[in-house]
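Q: Model the structure of this input:
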Amino acid sequence: MSVVEAQPAAVFGCRPGVSGGICFLEEQLVLYAAGAACAQFHTEQRWHKFIPGREKSRGVRALAVSRSRRYLAVSEMAEEEPALTVYELTAEPPRRRRTLSAAELPARETVALAFSPDGRYLAAATGPPEAQLALWLWEKQRLLAVVRLEAADIGVCQVSFSPQDNAQVCVTGNGFFKLFKYSEGTLKQINLQKGEPQNYLCHAWLSEEEIICGTATGKLFLFESGELLWQRDVEYRKPPKELEEGTRAKDYVSSSDVSGEPTSEDSGSLQDSLPQISAVAAYSKGFACSSSPGVVLLFEKTNKEVYKESQEIWLPRDLFTTVPKLSGRQDITCICFSPSEEVLVVSTTKNQLYMFTMPSADYLKEESSHFEYLHFPLHSASITGLDVCIRRPIVATCSLDKSVRVWNYKTNTLELCKEFWEEAYTVALHPTGLFCLVGFSDKLRFISLLYEDMHVFKDFPVRECRECSFSNGGHLFAAVNGNVIQIYSCTTFENTNNLKGHSGKIHAVKWSADDSKCFSCDTHGAVYEWNLSTGKREMECVLTSCIYSSIALHSDSKIIFAVGSDQTLKEISESSVHHEVPAFDVVYTAVAVSHSGDMVFVGTSLGTVRSMKYPLPLCRDFNEYQAHAGAITKMSVTNDDLFLLTASEDGSIFFWKVCSKKGKILKREKEFEYAEEVLIMKSDIEEKSRTILDLQIRVKELQIENDYQLRLKDMSCYEKIKELEETFTQELESLKNKHQNLTVTRNY
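A: I've put the predicted structure just below:
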């Protein structure tokens, strides 16, 4: 086997549309669907762990954790076949305990899961067209019972066990609310549906007999033993005034920063809509539900056996955005309380995770409160660009969600984030880490990475720029304009050269170590080497049958590694393919090479990462890792060869630690020192200086006012003391006179 290994160090992404997609394993340990499987995140210590899925997994569809938090059930699609797996979480790392399948069940994807209170049974509901409810004695891999559900196209939304009864199961979906009892090898329905059918989106057990259900029309139904006990229409909630006013008051970027009109999605997100209960969760005092985009309502039980709304919790306004829309305009899909009920976490349709600390006492409770991010704002669409630099431990990413983000792979933190009006297609970091290039549909923008913001310094008339790259020295950059590679100076911003010759769309541009040459590939199977002093091609290797997607250079710039649609990794030098490594029934979509030249990493269309040694193996000699749920779009190795960074169509980012065969982190001969300098605008410094001066003046004024007030108090106190002294002196004289009079009277 290969001696190159990669271990996930951090996962930034959340898979939407997963039933039970977020839950607590411990008081401060959250598990959620990310990439092709599950991620664990510790809210205090801030570490990440990844639980990989099955081979060729296409992502998680449903999750469930047992009450003891010992077992995890996962439904996923693997090799185009549905898979249902139970993991043991107490093992380190978590190990696969059982895989459930039965000949009696048709090959349908499981869309909802639930463990029984004692963790012995597992209920699994499959999706349409033949929705079914299956009950498993999972430890023995025995299918106990199956019942067909008459579900509409949307099918089953949720399944759960009674908190006290291992044999009672509740299933809700479009047009039905059903309670089943397992007895004598069959699941028997024990309730009768009355009234007009509802589209039940979610439900939660409040007690052994009470179930609260939420519908697509904003209604809450409380059932007791299957009979309707209470119902309420929940009104559509608009964001609090401070959110709306905060958005209107925010200074949007100038016309040089943004262009175009808001998309229909942005415009539609600002319009009111009908309420719908998209998620509900029970806790000791009552339940929490989401009735409108961006809000969770808390209901508490009153003495009259009904539930009354006690608090509303809103998603925060996105402080990073530069367009007039609210982060609150996203549906909440899952709600979960921590074991102590001190923390509430939610996931949304925009791939975001939020948390809220519950007030410890009723008097601390506010009528309207706000969530905070569980870790950081995440990408919500396909990531189209990723790049690293030399002088700082940062990586820049851009996405079709119109945002550009800068991450620190050493501290696993988000340093900068900014949202624009247009989709971002490509990003390149300057070697200093102080600037970046971002390609949009209308222009290519040169952006300064400030301490707390991104500032568009200059626009270039390069439309639909899908690829750009800075030279290693940072004095030049290349930008793809149609079928032409344009070379610009980073000091004068002049177009110094145009490299013409490609007939297809250019998918990658790389620089040689000394910046004297440039390498590129396109969709018509061409790989070219360009001499920048002459602007002419020096080498070409054309295979018209291959659509190249990515290239990488060996450290000596004499060998090119290329991947494309023909399912091979090619080693190209001197205008010919010297070696090919087959991909074994997948498509290689990205490639990266270590700066030492002895490690090669490739990303696949299935979202997996493969690592291999150089020289390239002649057989299937590589390590493969489950990672993303979509094709890997970009990957890069950091300058010190210690980290591999990958991004995918599913919007997730993985930071990998590159290790030796024994799991030891690789060490460089000389430790690299990163720069601590940051950029800040002169206007920002002047504004801060004015603020400091104003505050200093205010402090002096307060000191003068304070001294004056103290003097007034001193004078007032002095006058009072003087008055008291005079009063006491007079009283003393009076008492002396009285004493003398009494003495004289006694002597007579």
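Q: following the lowest-mean-pLDDT helix or strand in the chain, which helix or strand comes up?
A: Counting by mean pLDDT, DSSP states H and E, the weakest-scoring helix or strand in the chain turns out to be helix 264-269, with a mean of 42. Counting by DSSP states H and E, the next helix or strand C-terminal to helix 264-269 is strand 279-283.
Q: Give the rounded mean pLDDT of that following strand.
A: Here strand 279-283 scores 95 as its mean pLDDT.
Q: now do stretch 139-150
A: 89.
Q: Correct me if wrong: residue 150 contacts residue 173.
A: No. Between residue 150 and residue 173 there is no contact under Cβ atoms under 8 Å: 9.6 Å. Using the backbone N, CA and C atoms, a C-beta is placed for each residue, glycine as well.
Q: more neighbours, these two?
A: Comparing residue 150 with residue 173 by other Cβ atoms under 10 Å, the one with more neighbours is residue 173, at 26 against 9.
Q: Residue 202 is in contact with residue 170, isn't it?
A: No. With contact defined as Cβ under 8 Å, residue 202 does not reach residue 170; the gap is 11.1 Å.
Q: Quick check: neighbours shared by residue 150 and residue 173?
A: Any residue near both residue 150 and residue 173 by Cβ atoms under 8 Å, 6 or more residues apart in numbering counts here, and that gives residue 131.
Q: So, low pLDDT: which residues of the stretch 451-600 of the chain?
A: Across the stretch 451-600 of the chain, nothing is flagged by pLDDT under 70.
Q: dump the residue contacts of the nearest residue to residue 216 once chain neighbours are set aside.
A: Distances taken as Cβ to Cβ, 6 or more residues apart in numbering place residue 199 nearest to residue 216, at 4.0 Å, with adjacent residues excluded. Counting by Cβ under 8 Å, 6+ apart, residue 199 touches 154, 173, 174, 175, 215, 216, 217.
Q: Which strand residues bridge the third one?
A: In this structure, residue 174 bridges to residue 199 when assessed by DSSP bridges.
Q: and what of the one 4 residues further on?
A: Applying DSSP bridges to residue 178 gives these bridge partners: residue 171.
Q: Tell me, how many residues neighbour it?
A: When neighbours are counted by other Cβ under 10 Å, residue 178 registers 24.
Q: other SSEs contacting the helix or strand where residue 697 lies?
A: Using DSSP H and E, residue 697 maps to helix 682-747. In terms of contacts (3 or more Cβ pairs under 8 Å, 6 or more residues apart in numbering; DSSP states H and E), helix 682-747 is not packed against any helix or strand.
Q: hang on, the earlier thing: separation between the residue nearest to residue 216 and residue 221?
A: In this view, residue 199 and residue 221 are 12 Å apart by Cβ to Cβ, to the nearest Å.
Q: And the residue positioned nearest the centre of the chain, how far from residue 42?
A: Centroid-nearest residue in the chain: residue 378, 3.1 Å away (criterion: Cα atoms, centre = their mean). The spacing between residue 378 and residue 42, counted by Cβ to Cβ, is 17 Å.
Q: SS state for the spatially closest residue to residue 607 that is not a sequence neighbour?
A: Distances taken as Cβ to Cβ, 6+ apart place residue 628 nearest to residue 607, at 3.3 Å, with adjacent residues excluded. With DSSP: H, G, I helix; E, B strand; the rest coil as the basis, residue 628 sits in coil.
Q: Mind pulling the model confidence for residue 628?
A: Residue 628 is assigned a predicted lDDT (pLDDT) of 93.
Q: What's the local residue count around it?
A: Residue 628: 32 surrounding residues under other Cβ under 10 Å.
Q: who are the neighbours in contact with residue 87?
A: Contact partners of residue 87, counting by Cβ under 8 Å, 6+ apart, are 51, 71, 72, 73, 74, 94, 95, 96, 97.
Q: which of these are buried?
A: Buried members of those, scored by 16 or more other Cβ atoms under 10 Å, are 51, 71, 72, 73, 74, 94, 97.
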